[in-house]
Structure formats: structure tokens, C-alpha cells
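J.: What would the 3D arrangement of this be:
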Amino acid sequence: MKELTFKAFAIANEMDLNKIATHCGIPKKFTWEEPLILKGDTLKSILHKDMDKSQQVLVFSFGSVVFINHGHADEISAFLRFLHTFEPGIDLMNAHQYTDDYSLHTDKKAEFQLTDEYVVVSEYESFYPELISTVLAKSVALEKIEEQSGKIHDKLELMIDRLESGRLNIGNKELARTTANIMRHEYNTISYVMILDKPDITWTSSSAGEFYDRMMEFFELSDRFTILKSKSEVLYRIMEGFSTISHSIRGLFVEWIIVILIVIEVLLAILQIAGLLP
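T.: So this is what the prediction gives:
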């Protein structure tokens, strides 16, 4: 039985693959759709130790990294430190916050079996490592974005509580900051993770396309993407409501100031007529 182990991490919102590739001496321009695959001598020069032929690291532009057959924590930590030199925003202390483990088993006597921990195939295909890594990378990236969405929801809930108690006092900066968080959340979901984009191999190989679709369906990536999109639309509508109420309150405040000034001016005029003021 042939086995491959996968460990995926979501460590950033985005990574510049071309900058990393140039450092590694890889003369290729990477697009958003393809991962940077590091193995052999290239991986050896990064980790400073001999690598097995099956060991690979796939780096994705949307901030995920997948390690194949890397069982030692020091190898993973060393590679994450290497990435940190290119993306200083990576939080090495919390790099394991969004992660997932998976494995591929090849058994000629077994039928195809797909679970949340492993997949069993009867015959190994060269496209399996990349397709499994891609699904895992998108899954952990979505997990990261889902938690960020939860934080935005929590913040809006506090604002709703303030509204219910009649204490809505939201400045333009806070509204703009929250709206920007929602826009960043949606941008990360659509542009970075690219849930609806398929690897090139799936367009040229029907078996690769079928396998990738089954993995996508099992990990519910499309459904999770749809839910995130729906949540973003709800968040926008809530923010529009807050913005309208906030502007109405400010408009009412200005109107009251104008009324008070008019009243003061009338009183001054009356006092002048009565001779109480010069």
C-alpha cells in the first residue's frame, strides 16, 4: 500500500509566489491559479537536510501551505520561518491555528473511499497530490475566513445591542472601518481562495476532474463559499441600516442646534425691544 500524508496550514491572506520562486531559482511566473511546488534539491536547500522523493511543499497565493510526507515538526517550523522572510505578516506563534491533516492510501484491492481523514484509491495517479493539496488549502483558508466573519458578526451584534438600548453613537470612522472589514472579508473569499477556479489538470483529464469534484463536494467548499457570500450580503445590508440611522441621528442633532440658535436669536431680539439689552 502506498501512502501520502498531507498537513495544510492557512497562515496569511496572500503570498507572492513569484518572489519566493525567484529566490529559489525557479524561472517561472506564477498565476493566481497555480501553486508553487517545492521538492528535491530546492526543498533541501531551504530545510538544509536531505529530502525523500515523495516529500513536497505546495505554497498557494491565497496564503495556504500544504506539506506532503513531512512528519517532523522542525521541518514545518523551518519552512514557515523561511516564508516569514518574504511575508513578515505571518504570525508564526499562531501558525497552527488553522490546519488540517489528511492522507492518501493506494490499495489495488480496495474500492474508492473518501472520508474526512483519508481517501483510498485503487491506483495511484500523479495528479492526486496536487488536487488533494488544493482542496485542503482552500478548506483551511475558508476556515480562517469563516472565523473572521464570525468576529465581524460579533461586532455588529454589539452595535445592534447599543441600538436596541437607544445608545447608538457610531462615528464615521467606526462605520468606515467596519465596512472595510466586510469588504476585505468578501475580497479574501472571492479573490484569494478562488473556490470556483479549478486546477488546469482537471480540464485535460476527465479522471482528475471527477476526483477533484468529489473532493470539493465532500469538503463542501462550494456550499461554504455560498454561505459566506450570503453572510457578506447580510452584513452589507446591516451596515447600510446603521449608516442610515447614524446619519439620521446626526441630521436631527443639527436640526435641533439650528432650532435652538433661532430661539436664542428671537429671545435676544425680544430683550432688545424690551430695552433689557442694548
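J.: For residue 231, give its distance to residue 260.
T.: Separation of residue 231 from residue 260 (CB to CB, to the nearest Å) stands at 43 Å. For glycine as for every other residue, the C-beta is placed from the backbone atoms N, C-alpha and C.
J.: cool, residue 148 as well?
T.: Distance from residue 148 to residue 260, counting by CB to CB: 44 Å.
J.: who's more crowded, those two?
T.: Set residue 148 next to residue 260 and count neighbours by other CB atoms under 10 Å: residue 148 wins out with 17 against 10.
J.: Show the pLDDT at that one.
T.: Predicted confidence (pLDDT) for residue 148: 75.
J.: So which bits of the one helix or strand it maps to are buried?
T.: Following DSSP states H and E, one finds residue 148 within helix 128-164. Across helix 128-164, burial judged by 16 or more other CB atoms under 10 Å covers 128-146, 148-149, 152, 156, 159, 163.
J.: can you check stretch 212-219 too?
T.: Across stretch 212-219, burial judged by 16+ other CB under 10 Å covers 212, 215, 216, 219.
J.: Strands of the protein, start to end?
T.: Applying DSSP state E to the chain gives strands spanning 2-10, 36-39, 56-59, 64-68, 99-106, 113-114, 118-121.
J.: Relative to the whole chain's centre, how far out is the second one?
T.: Yep, that's strand 36-39 we're talking about. 22 Å (CA atoms, centre = their mean, to the nearest Å).
J.: on contacts alone, who are the packing partners of it?
T.: Helices and strands touching strand 36-39, by 3 or more CB pairs under 8 Å, 6 or more residues apart in numbering; DSSP states H and E, are helix 17-23, strand 56-59.
J.: residues touching the closest residue to residue 147 other than its chain neighbours, list them.
T.: Spatial nearest neighbour of residue 147, excluding adjacent residues (CB to CB, 6 or more residues apart in numbering): residue 98 at 7.7 Å. By CB atoms under 8 Å, 6 or more residues apart in numbering, residue 98 lies in contact with 9, 10, 11, 140, 141, 143, 144, 147.
J.: Quick check: the second one touching residue 60?
T.: No. Counting by CB atoms under 8 Å, residue 10 stays clear of residue 60, with 9.3 Å between them.
J.: So for the two, which residues contact both of them?
T.: Listed as contacting both residue 10 and residue 60 by CB under 8 Å, 6+ apart are 137, 141.
J.: low-confidence ranges in the stretch 101-250 of the chain?
T.: 155-156, 158-196, 232, 234-236, 238-250 (pLDDT under 70).
J.: measure the residue positioned nearest the centre of the chain to residue 266 for me?
T.: Here the mean C-alpha position of the chain is nearest to the C-alpha of residue 145 (CA atoms, centre = their mean), at a distance of 3.9 Å. Distance of residue 145 to residue 266, computed by CB to CB: 58 Å.
J.: In helices, which of the buried residues of stretch 212-219 fall?
T.: 212, 215, 216 (DSSP state H).
J.: what about residue 14, how many neighbours?
T.: Neighbours around residue 14, by other CB under 10 Å: 15.
J.: tell me the phi and psi of it?
T.: Per-residue torsions, residue 14: phi -160, psi 160 (degrees, to the nearest 10).
J.: distance of it from residue 62?
T.: 6 Å.
J.: again, but for residue 52
T.: 27 Å.
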